[in-house]
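In: quick one: sequence plus predicted model below, questions after.
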There are 2 protein chains.
Amino acid sequence: MSMSSHIQVNKSDLLNDASVEALAETFKALGDSTRVRILDAVFRAELCVGDIADLLGLTESAVSHQLRVLRGMRLVRPRRAGQQIFYSLDDQHIVKLFAQGLEHVEERARAGRG
Amino acid sequence: MSMSSHIQVNKSDLLNDASVEALAETFKALGDSTRVRILDAVFRAELCVGDIADLLGLTESAVSHQLRVLRGMRLVRPRRAGQQIFYSLDDQHIVKLFAQGLEHVEERARAGRG
DNA sequence: TGAATATGTGAGCTCATGCTCATATGTTCA
DNA sequence: TGAACATATGAGCATGAGCTCACATATTCA
C-alpha cells in the first residue's frame, strides 16, 4: 500500500464514466486484426460481405460477425443493393484514427530501433 | 458461399500484415476502460503508481499490470524518482488518438439521437 | 411460388484477458 | 545491513471474445 499522495489531479478533472466507456468500446472495436483488415479493405472501396471474405481469406460468417461489431460502433455503414450488402466506412474520423494509429506505430518502430 | 466478385481491390493494395498487427495491438491497448482511465489520468499530470490507484479506486497491483501493457505499447513512459515511478504519456500521438476517438464517440452520439 | 444466392445469427468451443493474492525486486534511510 | 516502503510479476480464476457450424432471414428471378 502506497502512502505517497502527491495528488495534483482531482477525480472531477477526469473524463466521465460514459465517455471512458464509449472511448474504450470504440478502441476495442478497432483492436482486433481481423477488424482492422476489414476496415482497411472497405476504406479502399465499398465492398460486399462475400468480396471482403474472398479478399481476406475468411469465411463469410466470420466477416458477418465482425461487421456486426463494426456496425454497432458505427464504424462501417451498410448499403443494400439487391441481395448484396455493401459496406463502407461510416465517417472520416475512422480514417483519421487509423492515420494517427499508424503514426504511433511508426514512431514506436523508430524508437525501438533508435 | 458468395459467387459475386466485383473485386475492385487487390490484396497487394491492403496494409501489410505487420502494420495490421501493430495497429490492432495499439488499439487493443487503448480498448479497455481501466487503461483509458489511466491514460486520461497521466495525461493530466505525471503520476506515480500509488496515486493512480488512489485516484481511480484500483489496487496498485492492477494498475501496475495495466501500466505494463501500456509501457509495452509505448503509450506511457516511466521516470523513477526514489522509490516511486512516475508515469506520463509517451508521446503526443496518444493525445491526438484520444481526441479523434472522442470526436467519433460524439459523432456517434449525435447520429444516435438524430 | 420456390429454388438459388447473399447475409445474419445463435450455440458452443477455445483461447485471451483482467483481476486478486502472494511474493519478488528495487530503493531509501536509520 | 536491515526494516519500511513502492512497484513489479507470476499463478490462478472468472469472464470475454472470435471462430466454426448449422440454420434462419432476405432478396431475386425463372
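Out: Cool, got the structure. Numbering: from 1, shown residues only, chains lettered A, B, ... in the order given.
In: can you give me the helices for chain A?
Out: With DSSP state H as the criterion, chain A has helices at A:17-30, A:33-44, A:49-56, A:60-72, A:93-113.
In: got a list of what the residue sitting nearest the centre point of chain A touches?
Out: Closest to where the C-alpha atoms of chain A average out (CA atoms, centre = their mean) is A:Leu30, at 2.3 Å. Shown in contact with A:Leu30 (CB atoms under 8 Å, 6 or more residues apart in numbering or on different chains): A:Val36, A:Leu39, A:Leu75, A:Leu97, A:Gly101, B:Leu23, B:Ala24, B:Phe27, B:Gly31. Heads up, the C-betas are built off the backbone N, CA and C, glycines and all.
In: repeat that for 10 Å
Out: Neighbour list for A:Leu30: A:36, A:39, A:70, A:73, A:75, A:94, A:97-98, A:101, B:23-24, B:26-28, B:30-31, B:101, B:104 [criterion: CB atoms under 10 Å, 6 or more residues apart in numbering or on different chains].
In: with A:Gln8 instead?
Out: B:Arg44, B:Ala45, B:Glu46, B:Leu47, B:Asp51.
In: which phi and psi does it have?
Out: Dihedral angles of A:Gln8 (phi, psi; degrees, to the nearest 10) stand at phi -120, psi 10.
In: please state the offset of stretch A:30-43 from the chain centre?
Out: Computed by CA atoms, centre = their mean, to the nearest Å, the chain-centroid distance of stretch A:30-43 equals 7 Å.
In: pLDDT averaged over that stretch - what is it?
Out: Regarding stretch A:30-43, the rounded mean pLDDT is 98.
In: out of the helices and strands in chain A, which is least certain?
Out: Sorting the helices and strands of chain A by mean pLDDT, DSSP states H and E puts helix A:93-113 at the bottom, at a mean of 89.
In: what is the burial count for the nearest residue to A:Leu102 once chain neighbours are set aside?
Out: Counting by CB to CB, 6 or more residues apart in numbering or on different chains, A:Leu102 lies nearest to B:Leu23, which is 6.3 Å off, once chain neighbours are set aside. Neighbourhood size, B:Leu23 [other CB atoms under 10 Å in any protein chain shown]: 24.
In: likewise for A:Gly112?
Out: Using other CB under 10 Å, A:Gly112 has 8 other residues around it.
In: if I pick A:Ser33, what's in contact with it?
Out: A:Ser33 neighbours (CB under 10 Å, 6+ apart): B:Asp17, B:Val20, B:Glu21, B:Ala22, B:Leu23, B:Ala24, B:Glu25, B:Phe27, B:Lys28.
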